[in-house]
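K.L.:
need a 3D model of the following:
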Amino acid sequence: MPRGKVDAAQVRADVLAVAGWLRDEASPAPDRKAIAAAVRGTARTLENNAPGHSVEVRVPPFVAVQCIEGPRHTRGNPPNVVETDPRTWLLLATGLLSFDEAVRTAQVSSSGNRAPEVADWLPIVALPVDN
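P.N.:
Take a look at the predicted model:
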């Protein structure tokens, strides 16, 4: 999928492909390609839904996007950053984990006064808590 272009149906399918793993960490992890597709699709959906350049969302090693209207950052480390691992990002993107809980338990690194605004745009592809 080209950067910036998001096919909502494909993003939902990519998320559903990893949903079992998200609901049950003990289940076998999906292959790297499936995780990457779900992470990139949800992050790029956030980028499209909340356009701007004031917050950078990083999910290494798969993607980094800028979002949220406000001052544009152009050099060095951005002042507003949200960073997490792929599984935690997908838990946030699906509504299976709240942003506040993820920050409280140090599953998400959130720096800058604008970074928490990412929570206003979650979930991206809601999954019911029960299957």
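K.L.:
all the helices of this structure, residue numbers only.
P.N.:
Along the chain, counting by DSSP state H, helices occupy 8-23, 32-49, 86-94, 99-104.
K.L.:
and the first one, what does it pack against?
P.N.:
Looking back up the chat, that one is helix 8-23. Counting contacts by 3 or more CB pairs under 8 Å, 6 or more residues apart in numbering; DSSP states H and E, helix 8-23 is packed against helix 32-49, helix 86-94. For the C-beta atoms, the positions are set from N, CA and C on the backbone; glycine is no exception.
K.L.:
list the contacts of the last one.
P.N.:
Here helix 86-94 makes contact (CB atoms under 8 Å, 6 or more residues apart in numbering) with 15, 18-19, 21-22, 25, 35-36, 38-39, 42-43, 46, 59, 62, 84, 97-99, 102, 107-108, 122-127.
K.L.:
what about it, average pLDDT?
P.N.:
Confidence over helix 86-94, taken as the mean pLDDT, stands at 98.
K.L.:
quick one: distance of it to the chain centre.
P.N.:
Centroid displacement of helix 86-94 relative to its chain, using CA atoms, centre = their mean, to the nearest Å, is 6 Å.
K.L.:
got the CA coordinates for that helix in CSV?
P.N.:
Output in CSV follows, covering the C-alpha atoms of helix 86-94 (Å, rounded to 0.1, in the frame of the first residue of the first chain):
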residue,chain,number,x,y,z
PRO,A,86,3.8,-3.4,17.7
ARG,A,87,1.5,-5.5,19.9
THR,A,88,0.8,-2.7,22.3
TRP,A,89,0.1,-0.3,19.4
LEU,A,90,-2.4,-2.8,18.0
LEU,A,91,-4.0,-3.2,21.4
LEU,A,92,-4.4,0.6,21.5
ALA,A,93,-5.6,0.8,17.8
THR,A,94,-8.3,-1.8,18.5
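K.L.:
any idea of the angle that helix forms with helix 8-23?
P.N.:
Interaxial angle, helix 86-94 versus helix 8-23 (axes from the mean of the first three to the mean of the last three CA atoms, to 10 degrees): 120 degrees.
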